[in-house]
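Asker: Kindly generate the corresponding structure for this input.
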Amino acid sequence: MRKILIIGATSAIARATARRFAAAGDRLFLVARQAERLQAVADDASVRGAECVATAVMEALDDSRHAQIIEQAAEALDGLDTVLFAYGTLPDQSACEASFEQTRAAIEINLLSVISLLTILANRFESQGRGCIVVISSVAGDRGRQSNYVYGTAKGALTLFLQGLRNRLHRSGVRVITVKPGFVDTPMTASFKKGLLWVSPDTIARGILNAIDSGATVVYLPWFWRYIMLIIKAIPESLFRRLSL
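Answerer: Sure thing, here's the model as predicted:
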């Protein structure tokens, strides 16, 4: 039985993952910013078999509450051993190009708020000598593309931060898992035209649980994105900048 904190619990991927955690009888502490939607996720987890479900409403950008929320989760669950970060926004690239304020907002929510929470959790898990931190990044962070380079910048920096954190915490028995989904059919991507490469949130949730159970460190979901991104990263810059990607 795991004692799991999910931050961004109302996102489509988080909901799908929470259902799987609940079916395994785990204890859950769910955090999101919208109380009504959060309660619906909690009720569903309870019905599906979670041993314990507690919630807290928090705006991720309010870093003054980060330490308090983590402590609250540990108290409610009688300990804490697993954390899933499953929140973020997909900014309008054109709006970011026209406004630094838009760019800064995207960086703050997708990168800086996560780093704030990770810093607190890393110190806590390092002290207790165990724990598993799972963070959803993105394949968008593997190479800057004209269509979404602001979002890609945030995710790329987050991936690099997680790499260093994993290196630091390895000797303490703390695992850090970077999850890099490709195209996922969620409300955040509702306006996108879907194709063969798109998958459901539950496909990502299944991959997250497999990563936790298998001892993986960096996972592309689905698996074939690892090879797609290898090809994209291998394209010479002189050619890449001519492509409409």
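Asker: Can you list the neighbours in contact with stretch 14-22?
Answerer: Stretch 14-22 is contacted from outside by 2, 4, 6, 8-9, 28, 30, 41, 44-46, 48-50, 53, 84, 86-87, 200-202, 204-206, 208-209, using C-beta atoms under 8 Å, 6 or more residues apart in numbering. Glycine gets a C-beta too; all of them are placed from N, C-alpha and C.
Asker: From these, list the buried ones, please.
Answerer: 2, 4, 6, 8-9, 28, 30, 41, 45, 48, 50, 53, 84, 86-87, 201, 204-206, 208 (16 or more other C-beta atoms under 10 Å).
Asker: Among the residues you listed, which lie within strands?
Answerer: Residues of these located in strands (DSSP state E): 4, 6, 28, 30, 53, 84.
Asker: Isn't the last one up against Leu5?
Answerer: Meaning Leu84. Yes: when contacts are counted by C-beta atoms under 8 Å, Leu84 is listed as touching Leu5 (7.3 Å).
Asker: what do the two both touch?
Answerer: Counting by C-beta under 8 Å, 6+ apart, Leu84 and Leu5 have no shared contacts at all.
Asker: which stretches of this structure form helices?
Answerer: Using DSSP state H, the helices assigned to the chain run over residues 12-23, 35-47, 66-77, 93-98, 100-107, 113-128, 149-169, 201-214, 225-234, 237-240.
Asker: looking at the ones you listed, which is closest to Ile177?
Answerer: With C-beta to C-beta as the criterion, Ile177 lies closest to helix 201-214 of the helices of the chain, at 5.3 Å.
Asker: Show me the longest strand that occurs in the protein.
Answerer: Longest strand in the chain, counting by DSSP E: strand 174-181.
Asker: What lies in contact with it?
Answerer: 13, 122, 125-126, 129-139, 141-142, 159, 162-163, 165-166, 169, 204, 207-208, 211-212, 215-221, 225, 229.
Asker: Mind checking which of those residues are buried?
Answerer: For those, a neighbour count by 16+ other C-beta under 10 Å gives the buried set as 13, 122, 125-126, 131-139, 141-142, 159, 162, 165-166, 169, 204, 207-208, 211-212, 218-221, 225, 229.
Asker: Contacts only, for Ala9.
Answerer: By C-beta under 8 Å, 6+ apart, the contact list for Ala9 reads 15, 18, 30-32, 38, 41, 55, 86.
Asker: Let me have those in CSV, adding distance to Lys233 and pLDDT as columns.
Answerer: Shown next, in CSV, are the contacts of Ala9 (distance: C-beta to C-beta, whole Å; pLDDT from 0 to 100):
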residue, distance to Lys233, pLDDT
Arg15, 31, 97
Ala18, 33, 98
Leu30, 36, 98
Val31, 34, 98
Ala32, 34, 98
Leu38, 38, 98
Val41, 36, 98
Thr55, 40, 98
Ala86, 25, 97
